[in-house]
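[1] I'd like to go over a predicted model; first the sequence, then the structure.
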Amino acid sequence: FPSLAFGHMVPYLKDHLELSKLIAQRGHKISFISTPRNINRLPKLPPNLVPFTNFIKFPMPQIENLLKNTEATTDVPYEQVKYLKIAQGGLKQSMSEFLKDSTPDFIPFDFTSYWIPSIAKKFNISTAYFSIFIAAFLGFTGPLPGLKNDYEIRKTAEEYIVPPKWVPFEATVAWKLFEVLPMFDAPMSGDEENMSDILLVRSCSEFEPEWLKVLEDIHQKPVFPIGQLPTTSYEDDSTTIDAWRWVIHS
């Protein structure tokens with residue numbers, strides 16, 4: 001269940017294809033969930049994987065300030081992306097009904113669907129927060145509110161322009177102040193991402209083993225690198241920036 005952005009949906013679909021090749025041999029199926037217009041715009045599946053895939057179309061909620069037929073970030077200017085997030089939150093009932101009826105074994109979800117674990121746990125369904133970003137990105141982002149650890153949550157923009165205190169090795173990962181300041185303009189609530197059972201990260205242990213260890217220390221749960229698949233050109237950097245907005249204010 002990816003975010004309503006092709007920069008997220010396409011990587012989820014690509015990973016779905018790779019996973020399908022493996023689990024199809026065991027007779028399992030995968031459901032890919034989004035809204036109708038988004039699913040209709042996705043690349044077509046190879047014929048051999050079609051029998052093992054269900055595309056589930058949840059009706060797009062109509063909310064104020066969001067034009068009709070708007071279902072992805074590519075449909076709106078950046079300043080209206082926040083309304084897409086609100087609309088995606090309106091899919092909770094559809095998701096609850098789907099999980100109750102289908103009782104899947106496992107559901108990976110994206111950062112804008114931080115409410116998934118609380119629904120899935122009602123039906124004893126395991127969850128994974130699946131990040132399309134590499135481990136260094138999430139490691140630099142650091143702990144989120146609600147985590148039971150000794151790390152102090154950063155609250156000011158200035159704290160993001162230096163390497164994090166929780167990184168035990170020398171690192172140059174940091175942001176410029178002018179890059180960080182706009183991220184504090186659109187607060188978003190929600191920290192249920194922390195309730196997921198595991199984390200799936202677009203990385204590999206050969207590429208950034210130290211950052212993967214940082215993630216395990218921060219989140220205190222298993223972190224599984226799923227490899228580094230090619231990035232997509234469906235979206236510009238606004239998707240990444242918007243992800244930072246949510247993470248900082250969650």
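    Yep, that arrived.
[2] Count residues in the vicinity of residue 222, would you?
    Burial measure for residue 222: 12 neighbouring residues, criterion other Cβ atoms under 10 Å. Quick note: C-beta positions are derived from backbone N, CA and C, even for glycine.
[3] For it, give its distance to residue 124.
    Between residue 222 and residue 124 the computed distance is 18 Å (Cβ to Cβ, to the nearest Å).
[4] Residue 104 and residue 31 touch, don't they?
    Yes. Here residue 104 reaches residue 31: they are 6.7 Å apart, a contact under Cβ atoms under 8 Å.
[5] what are the phi and psi values for the residue nearest the centre of the chain?
    In the chain, the centroid-proximal residue (Cα atoms, centre = their mean) is residue 110; its distance is 2.4 Å. Main-chain dihedrals, residue 110, degrees, to the nearest 10: phi -100, psi 170.
[6] List the residues that contact it.
    By Cβ atoms under 8 Å, 6 or more residues apart in numbering, the contact set of residue 110 is 1-3, 8, 12, 129-130, 132.
[7] can you check residue 29 too?
    52-54.
[8] which of those residues are buried?
    52-53 (16 or more other Cβ atoms under 10 Å).
[9] Just name the closest of the contacts of residue 29 to residue 139, please.
    residue 53 (32.7 Å; Cβ to Cβ).
[10] Am I right that residue 4 is in contact with residue 84?
    Yes. Using Cβ under 8 Å, residue 4 is in contact with residue 84, at 5.0 Å.
[11] With secondary structure as added columns, please give the contacts of residue 110 in JSON lines.
    Formatted as JSON lines, those follow (DSSP: H, G, I helix; E, B strand; the rest coil):
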{"residue": "1", "secondary structure": "coil"}
{"residue": "2", "secondary structure": "coil"}
{"residue": "3", "secondary structure": "coil"}
{"residue": "8", "secondary structure": "helix"}
{"residue": "12", "secondary structure": "helix"}
{"residue": "129", "secondary structure": "strand"}
{"residue": "130", "secondary structure": "strand"}
{"residue": "132", "secondary structure": "coil"}
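[12] Including pLDDT, distance to residue 118 and neighbour count, could those residues go into JSON lines?
    Formatted as JSON lines, the contacts of residue 110 follow (pLDDT from 0 to 100; distance: Cβ to Cβ, whole Å; neighbours: other Cβ atoms under 10 Å):
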{"residue": "1", "pLDDT": "93", "distance to residue 118": "14", "neighbour count": "23"}
{"residue": "2", "pLDDT": "92", "distance to residue 118": "19", "neighbour count": "27"}
{"residue": "3", "pLDDT": "91", "distance to residue 118": "18", "neighbour count": "26"}
{"residue": "8", "pLDDT": "89", "distance to residue 118": "21", "neighbour count": "25"}
{"residue": "12", "pLDDT": "84", "distance to residue 118": "21", "neighbour count": "20"}
{"residue": "129", "pLDDT": "91", "distance to residue 118": "13", "neighbour count": "26"}
{"residue": "130", "pLDDT": "89", "distance to residue 118": "17", "neighbour count": "24"}
{"residue": "132", "pLDDT": "85", "distance to residue 118": "22", "neighbour count": "27"}
